[in-house]
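Novice: The sequence and its predicted three-dimensional model are supplied below.
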Amino acid sequence: MENVLISPSILSADFANLNQEIQSVKEAGAKWIHIDVMDGHFVPNITIGVPVVKSLKKATDLILDTHLMIENPEKYIEPFARAGADILTFHVEACENSDKVREVISRIKSFGIKAGISIKPKTNPSKIFEYLPIVDLVLVMTVEPGFGGQDFMHDCALKIPQIKENAPENVIIQVDGGINNMTGKICKSLGATSLVAGSYIYGSDDYKQAIESLL
């Protein structure tokens, strides 16, 4: 039985064959796909937006695990929710104060979808402790957000047990950045319950074997 949720990141997929790439990871055992949304402001890269999420919703029944690495996330909650995102995760650093964070969480949940909160490598996990009772997922970044294929930052993984200790039992603790069969084991041992992997899965010759090595 799976003891961790694997969310393959399509940032590393072949965009010319995206439908097939998603079908392939589904056949390999994935139940989620991770969609990295970047705006060129909050992070120094631009990726995909609402139209792609809408298209993916029509093409797959996998959970659309959507990570908003954007400024002003409150402006884009409704478009992404209506496009079919099942989970919307935003960055605490994109909100100027606690009231804004709570407003974003409430707004996400108003569409009947799961709300996630993420922290960048330099952010102390204590910054999100007050929100743990009202979110469904916490995403710990173990690389600087913006680009795939970066090396795993071991010190960031040490935030996992701190979050686990302060979070309700049902909160998913997800880790994204440099995840492979070795770093995945480290994160699981520290309490992670979901792993995002992009280049490790999509750069593999055998998606099934890559996913199974993370379970």
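Specialist: That came through fine.
Novice: which SS state does the residue sitting nearest the centre point of the chain fall under?
Specialist: Centre of the chain computed as the mean C-alpha position; nearest residue by CA atoms, centre = their mean is His67, 5.0 Å away. Classification of His67 by DSSP: H, G, I helix; E, B strand; the rest coil places it in strand.
Novice: and the end-to-end length of stretch 151-162?
Specialist: 22 Å (CA to CA, to the nearest Å).
Novice: Name the residues of that stretch that come out as buried.
Specialist: Using 16 or more other CB atoms under 10 Å as the test for burial, stretch 151-162 gives Phe152, Met153, Cys156, Ala157, Lys159, Ile160, Gln162. (C-beta placed from N, C-alpha, C; glycine too.)
Novice: what stretches of the protein score poorly on pLDDT?
Specialist: Within the chain, the segments meeting pLDDT under 70 span 1-2, 148.
Novice: got the contact list for Gly198?
Specialist: With contacts taken as CB atoms under 8 Å, 6 or more residues apart in numbering, Gly198 has the following neighbours: Pro8, Ser9, Ile10, Leu11, Ser12, Ala13, His34, Gly148, Gly149.
Novice: Buried members of those residues into ChimeraX, please.
Specialist: Applying 16+ other CB under 10 Å to those, the buried members can be selected in ChimeraX as follows:
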select :8,9,10,11,12,13,34,148
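Novice: Throw the contacts of Gly198 into TSV and include secondary structure and distance to Glu169, thanks.
Specialist: As requested, those are exported to TSV (DSSP: H, G, I helix; E, B strand; the rest coil; distance: CB to CB, whole Å):
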residue	secondary structure	distance to Glu169
Pro8	strand	26
Ser9	strand	26
Ile10	helix	30
Leu11	helix	30
Ser12	helix	31
Ala13	coil	33
His34	strand	23
Gly148	coil	31
Gly149	coil	33
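Novice: List of residues touching the longest helix seen in the chain?
Specialist: Using DSSP state H to define each element, the chain has its longest helix at helix 98-109. The contact list for helix 98-109 (CB under 8 Å, 6+ apart) reads 73-74, 77-78, 81, 88, 90, 92, 95, 114-115, 117, 130-131, 134-135.
Novice: Just flag the most distant two among these.
Specialist: Using CB to CB, the contacts of helix 98-109 span at most 24.9 Å, a distance reached by Glu78 and Glu130.
Novice: Helices of this structure, start to end?
Specialist: Using DSSP H, helices in the chain cover 18-27, 50-59, 77-83, 98-109, 154-157, 159-166, 181-190, 199-202, 207-212.
Novice: Out of the ones you listed, which gets nearest to Met38?
Specialist: Checking those against Met38 by CB to CB gives helix 50-59 as the closest, at 12.2 Å.
Novice: Chain neighbours aside, what residue packs nearest to Thr60?
Specialist: Ile22 (5.2 Å; CB to CB, 6 or more residues apart in numbering).
Novice: Any idea how many residues pack against Leu5?
Specialist: Under the neighbour criterion other CB atoms under 10 Å, Leu5 is assigned a count of 20.
Novice: Relative to Ala85, how far out is the residue nearest to Thr60?
Specialist: 15 Å (CB to CB, to the nearest Å).
Novice: who's more crowded, these two?
Specialist: Set side by side, Ile22 and Ala85 show more neighbours around Ala85, with 29 against 19, by other CB under 10 Å.
Novice: ok now do that one, which residues does it touch?
Specialist: Ile35, Val53, Leu64, Thr66, Ile113.
Novice: 7 Å instead, please
Specialist: By CB atoms under 7 Å, 6 or more residues apart in numbering, Ala85 lies in contact with Val53, Leu64, Thr66, Ile113.
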